[in-house]
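**Student:** next input, structure requested:
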Amino acid sequence: MPYLLGFMCALVAIASALFVPACNDTQIFEYADEGELCLNSKPDGTLHAAVRFPTCLSSTCDRVLSTSCTIVTSGNEISISSSGAFESPQYGSCSADCAPLIAECTSQEQLTPGDYTLVHGESRGELTIPASGTALFSTQGLFSCEPL
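**Tutor:** Numbering: from 1, shown residues only. The predicted model follows:
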């Protein structure tokens, strides 16, 4: 009888290992040159950009891995490059809160007041400098773009 009990315990342990998914498995989500932009001219003439990627983060589950943003100007064209990544567990319960994934950057040089073409990934738009809380490429109007 003790052998039978030991055998049954071993079977339960093997079945649990085979059929219960690992709770620490995570999935990585990455974004590049997409999302909503909030643009503000700073008092020193530089341009500040905040890029909100098209995702929501749970405060109890998701972990930001990286965000980056750069602004490059050439003549009357401003190019913004951005990226962001986070990891999220594949299994388990997460809170329903919705925090944004945002990358921020400031141009290295001062921008002369005037009209510019702004490029961010596949999106192009017109921008007048100085900018104060200018939102571009917003698809759902969820991004609050406040002046600095």
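
**Student:** burial check on Glu126, number of neighbours?
**Tutor:** By other Cβ atoms under 10 Å, the residues close to Glu126 number 9. (Glycine included, C-beta is placed from N, CA and C.)

**Student:** if I pick the residue nearest the centre of the chain, what's in contact with it?
**Tutor:** With distances taken as Cα atoms, centre = their mean, the residue of the chain nearest its centroid is Leu101 (3.4 Å). Contacts here follow Cβ atoms under 8 Å, 6 or more residues apart in numbering; on that basis Leu101 touches Tyr31, Arg52, Phe53, Thr55, Leu57, Val64, Thr67, Gly84, Phe86.

**Student:** mind putting the residues you listed into JSON lines with pLDDT and neighbour count?
**Tutor:** Shown next, in JSON lines, are these (pLDDT from 0 to 100; neighbours: other Cβ atoms under 10 Å):
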{"residue": "Tyr31", "pLDDT": "97", "neighbour count": "19"}
{"residue": "Arg52", "pLDDT": "92", "neighbour count": "23"}
{"residue": "Phe53", "pLDDT": "94", "neighbour count": "23"}
{"residue": "Thr55", "pLDDT": "94", "neighbour count": "16"}
{"residue": "Leu57", "pLDDT": "95", "neighbour count": "19"}
{"residue": "Val64", "pLDDT": "97", "neighbour count": "13"}
{"residue": "Thr67", "pLDDT": "97", "neighbour count": "18"}
{"residue": "Gly84", "pLDDT": "98", "neighbour count": "24"}
{"residue": "Phe86", "pLDDT": "97", "neighbour count": "22"}
